[in-house]
Structures are given as C-alpha cells and as structure tokens.
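In: Starting from these lines, generate the structure:
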Amino acid sequence: MAVPSAQYPWNTELWSNGPSPGQFYNFPGTSQQSNESDAVKRTLHPTVTGTSVLGIVFKDGIMLAADTLGSYGSLARYRNLSRVSVVNDSTVIAAGGDYADFQYLKSIIEQRVIDENCFDDGFNYTPQSLYSWLTRVMYNRRSKYDPLWNTFAVGGINNGKPFLGYVDKIGIAYTSDTISSGFGSYLARPMLRDALEKNPNMSKEEAKEVIMRCMKVLHYRDARSLNRFEIVTVTKDGAVVESPLSIKPDWSIVHQSRCSEST
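Out: Okay, here's the model as predicted:
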C-alpha cells in the first residue's frame with residue numbers, strides 16, 4: 001500500500017520508484033520467491049553442429065579445412081555455414097561442434113582483437129597466445145559444468161615458424177603437425193600423418209592435395225559432412241580463405257562394396 005506523499009514527500013520527489021516505508025522491494029530481474037524457473041540450466045545436446053576440422057603444417061605455413069554444413073540432428077539443414085575465422089594476418093581458427101557456441105566465442109575474439117588494435121602498442125594475437133587463451137576458457141567452462149560444445153583448431157605463423165594447436169570442450173589441448181576432430185580423427189588423420197611422414201617438406205600445393213583427398217574420403221564416409229568446404233592457409237604473406245571448394249564424388253565405388261546375392 002502506497003504511503004501518502006503528504007506525510008512522506010521524499011517518497012515521490014526523491015525516490016519515486018523506490019520501496020515504501022515498511023514494505024519489501026523486489027529488485028529488477030529477481031522474483032519474489034525462488035522456483036524451478038530460477039534454476040541454472042545447461043545445454044545437454046547441441047542443436048546445430050558441424051563435423052570434422054582438419055589441419056596440417058607444410059613447409060611455408062599451415063592449412064585448415066572445414067566443410068560448410070550445419071546439421072540439425074541428422075538433418076542436413078544449413079549448407080552454407082562458415083566454420084573458419086581469420087583472427088589476423090598470422091592467426092586463424094576453425095571449429096567443429098555446436099555452431100552457436102562457435103559464434104559466441106568468435107564474437108568475443110573479434111572484440112578482443114579490436115580492443116588490442118585500439119591499444120596500438122605493437123602487440124597482436126599470435127597463434128600461441130590465442131591457443132593458450134582458448135585452453136583456459138574451455139577448461140574454465142568445463143569446470144563450471146557448462147562447456148562450450150566445440151573442438152577448436154588454432155593455426156598460424158609466429159616468428160617464421162608454423163604453429164598448429166587443438167583444444168576441445170573439456171580442456172584437452174595439444175600441439176601437433178596434424179590436427180583433426182570428429183570423424184576425421186579416425187579416417188583423415190592417418191592419411192595426414194602418412195603424407196607428412198613421407199614428405200616432411202611438403203609444399204602448399206601438396207598440402208592442399210592431401211586436404212582435398214581427406215575431405216573427399218570424409219564426404220564418402222561421414223554422414224554429417226558435405227561436398228562443399230573451405231580451406232584457410234596462413235603463410236608469411238598472410239591468411240587466405242578459399243571458399244567455396246568442392247570435389248566431384250564418384251559413387252560408382254558403391255557397387256564394389258555390395259555383397260553378392262546368395263543363390
């Protein structure tokens with residue numbers, strides 16, 4: 001019940017939206033009593049997801065690749081989603097997993113890059129520094145039981161040396177000359193390792209050929225992949241995204257895997 005302003009003139013003049021004497025006041029954004037709707041909720045199952053991310057180090061830089069499909073469960077719903085991002089001329093990232101979480105983290109990184117440029121102190125994100133920051137962010141969210149449902153590949157060049165790192169949703173992180181996530185960990189990474197072992201001084205063209213071959217195999221075998229993908233390359237000349245790329249599949253091989261009919 002409101003108190004007459006004649007008795008308490010300050011109630012309307014100085015604090016018109018404040019609590020009346022002898023009454024409780026509910027601050028904006030809070031409810032009078034806690035209920036089920038106040039409980040903290042977590043994402044148990046990502047909605048729109050992307051599949052494998054591939055990465056390889058070659059003689060003059062690094063190369064990452066990811067297709068452009070966003071799967072709504074088992075439905076190939078969105079066919080033009082970019083899962084690679086250029087942070088600056090020397091650093092790039094690519095992500096698999098929940099696309100909304102990737103957009104969220106990408107927006108944070110972009111704002112941090114803008115803030116860093118505003119300082120104008122000669123320092124920018126290097127692939128190592130972004131990789132280190134991502135390991136802390138992903139592990140922190142995992143420790144809160146609210147992980148970002150992504151697997152990130154971070155690549156680039158710093159002081160003339162290529163760098164490639166992997167970070168997943170529970171904070172597992174490592175660096176390597178070959179990176180893969182999702183189904184690509186089982187099918188594509190053995191191909192990447194084999195190619196790099198046979199040709200340690202791989203050129204950019206040779207690395208692209210290997211990546212294209214891996215993407216073709218994933219298109220054949222991974223039900224969540226698409227025959228449309230992006231490749232981002234980082235060399236001393238900067239970062240370049242090639243999109244969209246595709247390969248012509250040959251489905252005649254299906255007949256080779258069919259079991260002969262019993263007579």
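In: how near is L245 to S225?
Out: To S225, L245 is 13 Å away according to CB to CB, to the nearest Å. The C-beta positions use only the backbone N, C-alpha and C, and glycine is treated the same way.
In: More neighbours: these two, which one.
Out: Between L245 and S225, S225 has the larger neighbour count (other CB atoms under 10 Å), namely 25 against 17.
In: next one: stretch 246-256 to chain centre, how far?
Out: From the chain centre to the centre of stretch 246-256 is a distance of 30 Å (CA atoms, centre = their mean, to the nearest Å).
In: what sits up against it?
Out: 212, 215-216, 219-220, 227-229 (CB atoms under 8 Å, 6 or more residues apart in numbering).
In: Output the residues you listed as a markdown table; include the columns pLDDT and secondary structure.
Out: Shown next, in a markdown table, are the contacts of stretch 246-256 (pLDDT from 0 to 100; DSSP: H, G, I helix; E, B strand; the rest coil):
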| residue | pLDDT | secondary structure |
| --- | --- | --- |
| M212 | 95 | helix |
| M215 | 95 | helix |
| K216 | 93 | helix |
| H219 | 92 | helix |
| Y220 | 90 | helix |
| N227 | 92 | coil |
| R228 | 93 | coil |
| F229 | 95 | strand |
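In: So which of these is the closest to S85?
Out: F229 (14.8 Å; CB to CB).
In: At the geometric centre of this structure, which residue do we find?
Out: Centre of the chain computed as the mean C-alpha position; nearest residue by CA atoms, centre = their mean is A95, 3.0 Å away.
In: Now it. Nearest residue, chain neighbours left out?
Out: Spatial nearest neighbour of A95, excluding adjacent residues (CB to CB, 6 or more residues apart in numbering): F102 at 4.3 Å.
In: how near is the one you found to G73?
Out: Using CB to CB, F102 is found at 18 Å from G73.
In: who has more neighbours, the two?
Out: The residue with more neighbours, out of F102 and G73, is F102; 26 against 12, by other CB under 10 Å.
In: pretty sure that one contacts W149?
Out: No. Counting by CB atoms under 8 Å, F102 stays clear of W149, with 9.1 Å between them.
In: Pull out the buried positions in the helix or strand hosting the residue nearest to A95.
Out: Assigned by DSSP states H and E, F102 belongs to helix 99-119. Neighbour counts over helix 99-119 (16 or more other CB atoms under 10 Å) mark 99-102, 105-106, 109, 113 as buried.
In: sorry, back to before: and the residue nearest to A95, how far is that from T126?
Out: Relative to T126, F102 is positioned 21 Å away (CB to CB).
In: With T175 instead?
Out: To T126, T175 is 13 Å away according to CB to CB.
In: and what of Y174?
Out: Distance, Y174 to T126, by CB to CB: 18 Å.
In: Tell me which of those two has more neighbours.
Out: A count of neighbours by other CB under 10 Å puts T126 above the other of Y174 and T126, at 18 against 11.
In: from memory the more buried one sits against V87, does it?
Out: No. Using CB under 8 Å, T126 is not in contact with V87; the gap is 9.7 Å.
In: ok so E209 is a helix residue?
Out: Yes. Judged by DSSP: H, G, I helix; E, B strand; the rest coil, E209 forms part of a helix.
In: ok, back up a step: farthest pair within the contacts of stretch 246-256?
Out: The widest separation within these (CB to CB) is 14.5 Å, between Y220 and R228.
In: Just list the residues touching G171, thanks.
Out: Contacts of G171 (CB under 8 Å, 6+ apart): 135, 138-139, 142-143.
In: What segments of the stretch 151-263 of the chain are helices?
Out: Under the criterion DSSP state H, counting those that start in this stretch, the stretch 151-263 of the chain contains helices at 184-198, 204-221.
In: Now mean neighbour count and distance to R83 too, for these, in CSV please.
Out: Formatted as CSV, these follow (neighbours: other CB atoms under 10 Å; distance: least, CB to CB, whole Å):
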stretch, mean neighbour count, distance to R83
helix 184-198, 18, 13
helix 204-221, 18, 13
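In: Pairing partners for A94 in the sheet, please.
Out: Beta-bridge partners of A94, counted by DSSP bridges, are V84, A153.
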